[in-house]
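Student: Generate coordinates for the sequence data below:
(chains A and B)
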Amino acid sequence: MADKEAILAGLAEIVNEETGLETEEVQLEKSFTDDLDIDSISMMTIVVNAEEKFDVKIPDEEVKNLKTVNDAVEFIAAAQA
Amino acid sequence: MTGRPPALPAQRLQQNVEDQMTTPTLNQYVPAAGSRILSVGAARGNLVVTNDDIAGPINSSDEWIQKRTGIITRRRADADTSLLDLATEAAQEAVQKAGLTGADIDAVIVSTVTSPYATPSVAAALAHNLGATPAPAFDISAACAGYCYGVAQADALVRSGMARNVVVVGAEKLSDVIDETDRSISFILGDGAGAVVIAASEETGIAPSVWGSDGERWDTVSMTRSLLDLRDAAETARRTGDTSALTNPEDRLWPTLRQDGPSVFRWAVWSMAKVAQEALDKAGVAPGDLAAFLPHQANERIIDELAKQLKIPDTVTIGRDIKETGNTSAASVPLAMHRVLEEDPSLSGGLALQIGFGAGLVYGAQVVRLP
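Tutor: Numbering: from 1, shown residues only, chains lettered A, B, ... in the order given. Have a look, this model is predicted:
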């Protein structure tokens, strides 16, 4: 189980790989769509990679609730707990 | 006397056994060693529709559409061109290229989800157009997997000896089921038909098919409503003169196609990569053995991600007909095959992994030798 800081760092790496965005850009309060310009398809790629990296399940219907980076970090932390 | 008949004497029983032994054995078809694709034909809608042409009603742009789908243009058919016209054009090319005539064709299978008639089938009319009557002819409903489903069936028919030359066509006039304001799928759809002739051969030209369904996800890609709603509104208008349901600007009664894009993307890449890998394994080949990878032309980002997951090497030509034709559902795989062979005839005789997946949900994949 990773703490939230580690989850954020891991998520930033995944976002960087998918979009080319610098990892520092991936901050908790950032919105995936509005701030990071990540579309729904890229989001799915990020979700699948996050599932693998953090060994959690993120169902399709949950993905639309992950609006900010913090939403994703919280979801992954709770799923790991 | 009523009730139980008396037991037969022993001598009679023996006679019965002898009768059974002299009952004629049944003949069966002589199986063929293998099957292969002899030829491929194509028809695309006669109208070239650009992204700018359709961007307005979905508040989009050429750049947005290209970035999200890879589509530059989609081909659509005009009002005078029917689904059957497209199917006929593609099938005639395939039959001709195979060096056959309609009389040589002994089964016609059409995959489509856009026939304006629930019955009779497109296939029966197509068989007639090809001069293949009285060949058995039937439609299948397996959306974007339909061509691969058809190939699976044709392969089985030919190898069993039940048919020698089968025409398989994927044909769609998807412009009949689009909503110009829909941002989920309508803007990627095109019209076209792709056809192959599958015939008996000495060697295996079609490896085992991997096909399946997941009806729990029936509504992931589906029509907006059933036709019965439209019938009821039309009946109300006819009987009472109340046309409000028919003219409601907020609610179109004609069913159009919709999808849950992100969910489909996830399934199309990560679930279909497993199906494609299984098709490779069943064929006994590796990605590096392929000349071409021909996935359903749903979205170029699905194609790219699928190729990445399967570790398709750069040496393999990847079908990207979607850029100019759009997503033509059942027609997309044979159209992609037709294009790669036209652009690079040296691929002929090489192996291709083809995979279709879509509404149902359904999927089908197989490795084939290119005609």
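
Student: Grab the nearest non-local neighbour of residue 65.
Tutor: Since no chain was named, I'll use chain A. When the adjacent residues along the chain are set aside, residue A:65 lies closest to residue A:71, with 6.5 Å between them (CB to CB, 6 or more residues apart in numbering or on different chains). No exception for glycine: its C-beta is placed from N, CA and C like everyone else's.

Student: nope, chain B
Tutor: Distance criterion CB to CB, 6+ apart; nearest residue to residue B:65, sequence neighbours excluded, is residue B:51 at 4.3 Å.

Student: Relative to chain A, how far out is the one you found?
Tutor: 16 Å (CB to the nearest CB, to the nearest Å).

Student: give me every residue that touches that residue.
Tutor: By CB atoms under 8 Å, 6 or more residues apart in numbering or on different chains, the residues touching residue B:51 are B:60-62, B:65-66, B:71-73, B:187.

Student: Could you tell me which residues make contact with residue 74?
Tutor: Using chain A. Counted by CB under 8 Å, 6+ apart, residue A:74 has contacts residue A:4.

Student: Correction: the question concerned chain B.
Tutor: Residue B:74 makes contact with B:49, B:188-190, B:324-327, according to CB under 8 Å, 6+ apart.

Student: out of these, which one sits closest to chain A?
Tutor: Chain A lies nearest to residue B:188 out of these, by CB to the nearest CB, at 12.3 Å.

Student: secondary structure element for residue B:293?
Tutor: Using DSSP states H and E, residue B:293 maps to strand B:292-295.

Student: Give me the sheet partners of that strand and which way each runs.
Tutor: strand B:317-318 (parallel), strand B:351-358 (parallel) (DSSP bridges).

Student: bridging residues for the nearest residue to residue B:48 once chain neighbours are set aside?
Tutor: Nearest non-adjacent residue to residue B:48, counting by CB to CB, 6+ apart: residue B:73, 5.1 Å away. Residues in a beta bridge with residue B:73, per DSSP bridges, are residue B:50.

Student: residue ranges for the helices of chain B, please.
Tutor: Assigned by DSSP state H, chain B shows helices spanning B:10-22, B:51-55, B:62-69, B:83-97, B:122-130, B:146-160, B:227-240, B:244-247, B:261-266, B:272-283, B:300-309, B:322-325, B:332-343.

Student: cool, chain A as well?
Tutor: A:4-19, A:40-54, A:60-63, A:69-80.

Student: hmm, the second one in reach of chain B?
Tutor: I take that to be helix A:40-54. Yes - Helix A:40-54 is in contact with chain B by CB under 8 Å from any CB of the partner chain, via A:40-41, A:43-45, A:47-48.

Student: Same list, the contacts of residue B:51, but as TSV with neighbour count and pLDDT please.
Tutor: Formatted as TSV, the contacts of residue B:51 follow (neighbours: other CB atoms under 10 Å in any protein chain shown; pLDDT from 0 to 100):
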residue	neighbour count	pLDDT
B:60	16	93
B:61	13	94
B:62	15	95
B:65	21	94
B:66	14	94
B:71	25	96
B:72	17	97
B:73	17	97
B:187	26	93
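
Student: Would you tell me which one of the residues you listed comes nearest to residue B:279?
Tutor: residue B:71 (26.1 Å; CB to CB).

Student: okay but that closest one is in contact with residue B:300, surely?
Tutor: Yes - Residue B:71 is within contact range of residue B:300, at 7.3 Å (criterion: CB atoms under 8 Å).

Student: what touches both of the two?
Tutor: Joint contacts of residue B:71 and residue B:300 (CB under 8 Å, 6+ apart) are B:322-323.

Student: where are the low-confidence patches of the chain?
Tutor: Let's take chain A. A:1-2 (pLDDT under 70).

Student: Not quite, go with chain B.
Tutor: Low-confidence segments of chain B (pLDDT under 70): B:1-21.

Student: Chain A contacts on the stretch 251-371 of chain B?
Tutor: Residues of the stretch 251-371 of chain B lying near chain A (CB under 8 Å from any CB): B:260-263, B:265-266, B:269-270, B:299, B:301, B:305.

Student: could you redo the last one with a cut-off of 7 Å?
Tutor: Within the stretch 251-371 of chain B, the positions near chain A by CB under 7 Å from any CB of the partner chain are B:261-263, B:265-266, B:270, B:301, B:305.

Student: Looking at those, which one is closest to residue B:234?
Tutor: Using CB to CB, those come closest to residue B:234 at residue B:261, 31.5 Å.

Student: so the closest one sits right up against residue B:186, yeah?
Tutor: No - between residue B:261 and residue B:186 there is no contact under CB atoms under 7 Å: 11.6 Å.

Student: hmm, back to that, from the contacts of residue B:51, pick the one nearest residue B:280.
Tutor: For those, the closest approach to residue B:280 (CB to CB) belongs to residue B:71, at 27.6 Å.

Student: Residue of the stretch 51-200 of chain B nearest chain A, please.
Tutor: Closest point on the stretch 51-200 of chain B to chain A, by CB to the nearest CB, is residue B:68, at 6.3 Å.

Student: Now that residue. Nearest residue, chain neighbours left out?
Tutor: For residue B:68, the closest residue by CB to CB, 6+ apart turns out to be residue A:39, at 6.3 Å.

Student: How many neighbouring residues does that neighbour have?
Tutor: By the criterion of other CB atoms under 10 Å in any protein chain shown, residue A:39 has 16 neighbours.

Student: Against residue B:62, how distant is it?
Tutor: Distance, residue A:39 to residue B:62, by CB to CB, to the nearest Å: 16 Å.

Student: Contact residues of chain A facing chain B?
Tutor: Within reach of chain B by CB under 7 Å from any CB, chain A has these residues: A:39-41, A:43-45, A:48, A:60, A:63.

Student: Now stretch B:318-333 - C-alpha only, PDB.
Tutor: The C-alpha coordinates for stretch B:318-333 follow below in PDB (Å, rounded to 0.1, in the frame of the first residue of the first chain):
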ATOM      1  CA  ILE B 318      -1.400  -1.400 -40.100                       C
ATOM      2  CA  GLY B 319      -4.700  -0.700 -41.800                       C
ATOM      3  CA  ARG B 320      -5.700   2.900 -41.400                       C
ATOM      4  CA  ASP B 321      -8.500   3.200 -43.900                       C
ATOM      5  CA  ILE B 322     -10.400   5.200 -41.200                       C
ATOM      6  CA  LYS B 323      -8.500   8.400 -42.000                       C
ATOM      7  CA  GLU B 324     -10.300   8.700 -45.300                       C
ATOM      8  CA  THR B 325     -13.300   6.500 -45.000                       C
ATOM      9  CA  GLY B 326     -14.400   6.900 -41.400                       C
ATOM     10  CA  ASN B 327     -15.800   4.100 -39.300                       C
ATOM     11  CA  THR B 328     -18.000   1.800 -41.500                       C
ATOM     12  CA  SER B 329     -18.700  -0.900 -38.900                       C
ATOM     13  CA  ALA B 330     -19.000  -4.300 -40.600                       C
ATOM     14  CA  ALA B 331     -17.300  -3.000 -43.800                       C
ATOM     15  CA  SER B 332     -14.300  -1.500 -42.100                       C
ATOM     16  CA  VAL B 333     -12.000  -4.600 -41.900                       C
END
